[in-house]
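# fold the stuff below for me.
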Amino acid sequence: MDAQTSGSASSTPEPDHLYKGRRATLSLNILVIGCGLGGLAAAYCLAQAGHNITILEAASAIGEVGAGVQASPNVSRLLMRWGLGPRLQEVGVKIQAMSFKRWANDEVVGWTPLGDVIDKEYGSPFYLLHRADFHRMLHEAAEPYCDIRVNSRVVSVDPSKPCVTLASGEVVSADLIIGADGVKSVTRGYIIGEPDKPRATGDAAYRALIPAEKLLQDDDLKHLVERMESNIWMGPGGHIVGYPISAKKEFNLVMMHPDETEGAEWSPMIQKLLALVPSTLDWKLMDRDPLPTWIHKDGKLALLGDSCHPMLPYRAQGSAMAIEDAAVLGNIFSHCSDRSQILPLLYAYQSLRYERATATQKSSSLNQYIFHKPDGPEQEDRDREMRAAMEDALRVARGEESTYTLTGNANQWADKKKSDIQFGYDADEEAEKWWVANGSRLMTLVPSYDLKPRTVHSANH
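Residues are numbered from 1 along each chain as shown. Model prediction:
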């Protein structure tokens, strides 16, 4: 069968404010494989660009497990543009600061203000969310505009036609396939030409949710909820992250440690938190190297999100990159007027996104190295750098001038240059600028890997 929208989604979505009101003059039938955060965002954006979208999801029901996720300004500005601002305020927690602590004694060695500082600097807030709440709001946004099919596990892909075969034996055809099927992606293997398995990092994570009321009953723990900060305890070979989510009703705790080890006994505060944990999700951290391309050579299959650039969770930008991918993809495909343009438009998408996503992958891996230093001279140097940045931040908070150079600081959130690159990015604005500079030329060129984006500075330098 052909991928077509059905029911309320069968008609073309009503025009709105996205993409300056621009909609594709040719509506493509597009399959999105995977109904996670990236798949839902891609479906929403491509539908708003004027296309007919079908999502194929292997699970029997739509839902998301997991715990905390962060919506930094580069994400929240898009979500608010999509009309989700009220939902963010309803279920999110507006993070006030990053606080870095020693693993053994809870000493604060680093602190960076966020909250109103972020609002003023980047024009969009920084929220802490439950992953299920985030998924629910994207599902509510996308569902009216597309056909979401559950129990539809893709077992093979023909990128040339293009079409997919489901576990049921059904063959589903379309004009374009977007692989948004995560770190264990099926579609990725068709891009690189062979089956491809994710690589174990040697790290694992325990994820837990604690009712916030339990922390509020303890004088030693209640500040962890009340201050609305993201707390990172750094230790030998591992670190622990904790922050409130779900409108301060739950406390998210993530313990990163070497796989298949329990680690050392951490601080009294951590021990108290662990005593409150009702249950955990054990998550083995997997990684992949950056791909040379996200697009199949026949130009009818492309990847998005973790299927092409999975992020280790040390920078909290994995979902952000998938949401940005989706926004750019929708914006670029709002220009579509003929099927012959599909491949050049895909290369435009990759040109805009590849360097930024790859740089963010590297920045995430850098934090693993920074946070996990064993006690000793390198750890002392790290803490000294972070303390200097904290003292400078406190001076600025008092209304004094900054006197410390923060570029390259071990606290990546204190590095203004990196924050400008990461949080100041507007996916729609970048797509519009890129199109003004390259769009007319793009439509007359044979696509090649040589298409270059506007200058993008790596957040790693």
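
# any chance you could map the strands in the stretch 251-400 of the chain?
Using DSSP state E, counting those that start in this stretch, the strands found in the stretch 251-400 of the chain span residues 281-287, 301-303.

# what comes up buried for the longest helix along the chain?
Secondary structure of the chain per DSSP state H: the longest helix is helix 342-371. Neighbour-count burial for helix 342-371 flags 342-361, 363-368, 370-371 (criterion: 16 or more other CB atoms under 10 Å). From N, CA and C alone the C-beta is placed, and that goes for glycine too.

# related to what we said a few turns ago, and the strands of the stretch 251-400 of the chain, which one's lowest on average pLDDT?
Mean pLDDT is lowest for strand 281-287 among the strands of the stretch 251-400 of the chain, at a mean of 65.

# next helix or strand past the helix or strand that I30 is a member of?
Taking DSSP states H and E as the criterion, the element that holds I30 is strand 29-33. Downstream of strand 29-33, the next assigned helix or strand under DSSP H and E is helix 37-48.

# and the longest helix of the chain, what does it pack against?
When contacts are defined as 3 or more CB pairs under 8 Å, 6 or more residues apart in numbering; DSSP states H and E, helix 342-371 packs onto strand 229-235, strand 301-303, helix 318-333, helix 416-423, helix 427-442.

# output those as a markdown table; include the columns distance to L78 and mean neighbour count.
Listed next are the helices and strands packed on helix 342-371 as a markdown table, based on distance: least, CB to CB, whole Å; neighbours: other CB atoms under 10 Å:
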| stretch | distance to L78 | mean neighbour count |
| --- | --- | --- |
| strand 229-235 | 21 | 23 |
| strand 301-303 | 20 | 27 |
| helix 318-333 | 5 | 28 |
| helix 416-423 | 12 | 19 |
| helix 427-442 | 6 | 17 |
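
# so which of the ones you listed is nearest L166?
Minimum separation from L166 across those (CB to CB) falls at strand 301-303, 16.2 Å.

# ok now the closest one, how far from the chain's centre?
On the basis of CA atoms, centre = their mean, to the nearest Å, strand 301-303 sits 18 Å off its chain's mean C-alpha point.

# what helices or strands is that strand leaning on?
strand 176-179, helix 188-192, helix 342-371.

# in the second one, what counts as buried?
Which is helix 188-192. Within helix 188-192, the residues scored as buried using 16+ other CB under 10 Å are 188, 190-191.

# between those, which is closest to P377?
Nearest to P377 among the buried residues of helix 188-192: R188, at 41.0 Å, using CB to CB.

# from what I can see that closest one touches L303, true?
Yes - R188 lies in contact with L303 (CB atoms under 8 Å); the separation is 6.2 Å.

# quickly list what's touching both of those two.
Common neighbours of R188 and L303, counting by CB atoms under 8 Å, 6 or more residues apart in numbering, are 179, 291.

# can I get stretch 333-350 in CSV, CA atoms only?
Below are the C-alpha coordinates for stretch 333-350, written out as CSV (Å, rounded to 0.1, in the frame of the first residue of the first chain):
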residue,chain,number,x,y,z
PHE,A,333,10.9,20.6,2.6
SER,A,334,8.4,23.5,2.7
HIS,A,335,10.2,24.5,-0.6
CYS,A,336,9.4,21.2,-2.4
SER,A,337,7.5,21.6,-5.7
ASP,A,338,8.7,18.5,-7.6
ARG,A,339,9.8,15.0,-6.8
SER,A,340,13.1,15.6,-8.6
GLN,A,341,14.0,18.0,-5.7
ILE,A,342,13.9,15.4,-3.0
LEU,A,343,17.6,14.5,-3.2
PRO,A,344,18.9,18.1,-3.3
LEU,A,345,16.6,19.0,-0.4
LEU,A,346,17.9,16.1,1.6
TYR,A,347,21.5,17.3,1.0
ALA,A,348,20.4,20.8,2.1
TYR,A,349,19.1,19.3,5.4
GLN,A,350,22.4,17.4,5.9
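
# distance from the chain centre to that stretch, please.
Taking CA atoms, centre = their mean, the mean C-alpha location of stretch 333-350 is offset from the chain mean by 24 Å.

# mind listing residues that contact that stretch?
With CB under 8 Å, 6+ apart as the test, stretch 333-350 has contacts from 18-19, 22-26, 28, 46, 48-51, 175-176, 293-295, 299-300, 302, 325, 328-329, 332, 434-435, 438-439, 442-443, 445, 447-449, 451.

# let's see it at 7 Å
Stretch 333-350 has contacts (CB atoms under 7 Å, 6 or more residues apart in numbering) with 19, 22-26, 28, 46, 49-51, 175-176, 293-295, 299-300, 302, 328-329, 332, 435, 439, 442-443, 445, 447, 451.
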